[in-house]
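[1] based on what follows, work out the 3D shape:
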Amino acid sequence: PRLLQQAQKPVTQHALQQQLERATGQSVDLERMGKIINALLSRDLVAVGNNAQGDLMLQVRDQSEVKRVHGLGKEERLVLQLIEAKGSQGIWQRDIKSQSNLQNLVPTILKNLEDRKLVKRVRTPDSKHRMMYMLYDLAPQHRAFLTESMDLDTEFVNALRGRLEKWAIQRRATFTVAEAGAHIAESKISKVELRDQDIMLLLNSLVYDAKLERLRHDGPWTPDTGEKDARYRPLRSAGLPNGLAELPCNKCPLVDVCQEGHEVSPSSCEYFDAWLKTVDEW
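    Purely as a prediction, here's the structure:
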């Protein structure tokens, strides 16, 4: 797997095919390539997964990892591959059962993988009584505004935005991200622990929606001010011109991680598509 080693990061099967054709100057026999990949998988020399588009991704395992997975049975490899494919998102045990068709064998297999420190169980803040599994060395993905199926929880986001807006109006004074976060924590509206960054995304979405105004201690906020120096207060003026206040990106707390090729992207956003259809009506 020399080409995979040179890549030093996961590559798609199609990209690997193109690299082989450039290196050899010949077209690649896909059937033979598939057999080679399966042989590498059976020897635990490569790991597989899927990107956001569902494309098969391949990556060479380092020697320490090869030793750790050596000797796994066919069923154990299958379960490990399912967990690897989900990365830091993690996967529920019920999904492992349904996708592997191993059913009653899964708990025993997971226990064996845990004992070998290949995978670990993780309790998520929004599902404390249910377990998800991920690779042992990975950290859980922060999912404050995501549902169990990793979709944006619009009902939860709107509830938080409404709470913050009402509190800001009643407060009648400027406030910081920390003060807004303390209010949300005291209200117990969220079962998930929200970070300052999460609160900031909610507040900024209210700013873009012309509900709040962002300031600094000595005057209007500018991009050079820095988020930590920003203060907020209700905005009583009219909304943004030309329908920009309705742009869903302004309200979305995942806007900072929205990027083409990622799990959250403009091209896969149903809210952005719906907004585009209204552009001609402005």
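[2] count the neighbours of Ala23 for me.
    If you count neighbours by other Cβ atoms under 10 Å, Ala23 ends up with 10. (Glycine included, C-beta is placed from N, CA and C.)
[3] that one: which element?
    Using DSSP states H and E, Ala23 sits in helix 13-24.
[4] continuing past that helix, what's the next helix or strand?
    helix 30-42.
[5] average pLDDT for that following helix?
    Mean per-residue pLDDT for helix 30-42: 77.
[6] what about the strands in the chain?
    11-12, 46-50, 56-60, 91-92, 119-124, 127-135, 212-216, 219-220, 230-234 (DSSP state E).
[7] relative to strand 212-216, how tilted is the last one?
    What it means is strand 230-234. Put simply, strand 230-234 runs at 150 degrees to strand 212-216, going by axes from the mean of the first three to the mean of the last three Cα atoms, to 10 degrees.
[8] still on that earlier bit, list the buried residues in the helix holding Ala23.
    Under the neighbour-count criterion of 16 or more other Cβ atoms under 10 Å, helix 13-24 has Leu16, Gln19, Leu20 buried.
[9] out of those, who's nearest Ala210?
    Leu16 (49.1 Å; Cβ to Cβ).
[10] test my guess that that closest one contacts Val60.
    No: using Cβ atoms under 8 Å, Leu16 is not in contact with Val60; the gap is 11.2 Å.
[11] gap between Leu164 and Val177?
    11 Å (Cβ to Cβ, to the nearest Å).
[12] what residues are shared contacts of the two?
    Counting by Cβ atoms under 8 Å, 6 or more residues apart in numbering, the shared contacts of Leu164 and Val177 are Leu203.
[13] which one of those two has more residues nearby?
    Neighbours per residue (other Cβ under 10 Å) separate Leu164 from Val177, with Leu164 holding more: 25 against 22.
[14] thanks a lot, catch you later.
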